[in-house]
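# following is a predicted model, sequence given first.
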Amino acid sequence: MKKVNNHIDFIEFPAHSTKNIASVKEFFTDVFDWSFQDWGDDYVDTKDSGLSSGFNADPTHRPHAPLAVIYVTDIEESLKKVTDAGGIITKDIFSFPGGKRFHFKDPAGNELAVWSE
């Protein structure tokens, strides 16, 4: 899938433990024939589920609910735009394998994330 600036390109789902990650992988492989890319014991993603998606069991970065992740080309500019527009930063910019991201709440209280390479 081609990355497009300011478009949702990823959904991240919470997993409550590394054991839960193994169960999730087995479930979606059995039911939908998905394959997974492991990024350590606490994170996996799949690129063959339609929209890119992942499952996160890292207690420091795990979302509380499914998390829409928006791709941007300039993460610092997007962070400024979010705060200038009244968004509340819930996790400041952090690095992960593949890029950087931050989380924020919109005026309705929905948590989303923004990422960049």
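Perfect, thanks for sending it. Given the structure is predicted, the values throughout are model-derived calculations rather than measurements. Residues are numbered from 1 along each chain as shown.

# count of neighbours near residue 10?
20 (other C-beta atoms under 10 Å). In this view, the C-beta of every residue, glycine as well, is placed from N, C-alpha and C.

# list the contacts for it?
Residue 10 makes contacts with 45, 51, 52, 53, 54, 68, 69, 71, 115, as judged by C-beta atoms under 8 Å, 6 or more residues apart in numbering.

# which SSE is it in?
Per DSSP states H and E, residue 10 falls inside strand 7-14.

# quick check: mean pLDDT of that strand?
Mean per-residue pLDDT for strand 7-14: 92.

# buried set for the next helix or strand after it?
Elements were assigned by DSSP H and E; along the chain past strand 7-14, the next helix or strand is helix 18-32. Residues of helix 18-32 classed as buried by neighbour count (16 or more other C-beta atoms under 10 Å): 21, 24, 25, 28.

# closest one of these to residue 103?
residue 21 (20.2 Å; C-beta to C-beta).

# all strands for the chain, in order.
Here the chain has its strands, by DSSP state E, at 7-14, 37-38, 43-46, 52-56, 67-71, 88-96, 99-105, 111-116.

# CA atoms only for the first one, dumped as CSV, please.
Once side chains and other backbone atoms are set aside, the C-alpha atoms of strand 7-14 remain, and they are given as CSV (Å, rounded to 0.1, in the frame of the first residue of the first chain):
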residue,chain,number,x,y,z
HIS,A,7,-4.2,9.5,5.3
ILE,A,8,-5.0,6.7,7.8
ASP,A,9,-2.9,3.8,6.7
PHE,A,10,-2.8,1.6,9.8
ILE,A,11,-5.0,0.3,12.6
GLU,A,12,-3.3,-0.9,15.8
PHE,A,13,-5.2,-3.2,18.2
PRO,A,14,-4.3,-3.7,21.9
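
# quick one: residue 13 from residue 82, how far?
22 Å (C-beta to C-beta, to the nearest Å).
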